[in-house]
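Novice: please work out how this folds:
(chains A and B)
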Amino acid sequence: GQQVMQIPQYQHVQEGEDFTTYCNSSTTLSNIQWYKQRPGGHPVFLIQLVKSGEVKKQKRLTFQFGEAKKNSSLHITATQTTDVGTYFCAGIYGSARQLTFGSGTQLTVLP
Amino acid sequence: DSGVTQTPKHLITATGQRVTLRCSPRSGDLSVYWYQQSLDQGLQFLIQYYNGEERAKGNILERFSAQQFPDLHSELNLSSLELGDSALYFCASSLGTVDGYTFGSGTRLTVV
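Specialist: Coordinates of the predicted model:
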């Protein structure tokens, strides 16, 4: 079946360092969404990317969708302890009506 | 409060039993999705309903079933429970099928 691969699985950074998580699909995605799940919480929608090569920014977060619409990345500049959590990418394939989630990257920020 | 309500928050039950998880979507959202989250499997899609009709099915076991009622709330029924069914079950809703999802706080099911 279609899968979205996400790396790394875990990332520990010092507060103030940058962080990046990557998602890869073997087939073209219609769109990709990003979610954040705090420890003990539920996934919260961050953003959706639809166009090839699209780049969107939310304060310190930068989201990119690859030209071939097969990969995406989330980059956080100057991490803060409030950034702690698991970041998931999730894509829609073709005419499918549901999101396929990546395995997530668990971010730990050390003060 | 995300606007998606899931009950109960916690459920402990024995193997072989049957349970029902309930979800009320965010006001105005027509799509309801059920996902299972376990430590080694991530977020696995189970089933989707749109305005009362089943729209998509994932790797949902035959022991599991779901429905969406006219008032758009949804129930996920899990029967003949096994230890491996222990997981967090999330309900999510969206306005359409290509919008961001709003997740509920989940039901943590423990089968003993």
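
Novice: so what's residue A:44 closest to, chain neighbours aside?
Specialist: Residue nearest to residue A:44 in three dimensions, not counting chain neighbours: residue A:36, with 5.3 Å by C-beta to C-beta, 6 or more residues apart in numbering or on different chains. To be clear about C-beta, it is placed using only N, CA and C from the backbone, and glycine gets the same treatment.

Novice: right, I mislabeled it, should have said residue A:14
Specialist: Leaving aside its sequence neighbours, residue A:14 sits nearest to residue A:110 (C-beta to C-beta, 6+ apart; 5.3 Å).

Novice: for that neighbour, list the residues it contacts.
Specialist: Contacts for residue A:110 (C-beta atoms under 8 Å, 6 or more residues apart in numbering or on different chains) come out as A:12-15.

Novice: kindly recompute the last result at 7 Å.
Specialist: If you count contacts by C-beta atoms under 7 Å, 6 or more residues apart in numbering or on different chains, residue A:110 has them with A:12, A:14-15.

Novice: measure residue B:82 to residue B:43 for me?
Specialist: 20 Å (C-beta to C-beta, to the nearest Å).

Novice: so where is the chain shaky, pLDDT-wise?
Specialist: Going with chain A. Scanning chain A for pLDDT under 70 picks out A:1.

Novice: oops, chain B please
Specialist: The model of chain B has pLDDT under 70 over residues B:40-41, B:97.

Novice: which strand or helix spans residue 45?
Specialist: This is for chain A. Here residue A:45, judged by DSSP states H and E, is contained in strand A:43-49.

Novice: switch to chain B, please.
Specialist: Under the criterion DSSP H and E, the helix or strand holding residue B:45 is strand B:42-50.

Novice: got the angle for that strand vs strand A:43-49?
Specialist: Counting by axes from the mean of the first three to the mean of the last three C-alpha atoms, to 10 degrees, strand B:42-50 lies at 80 degrees to strand A:43-49.
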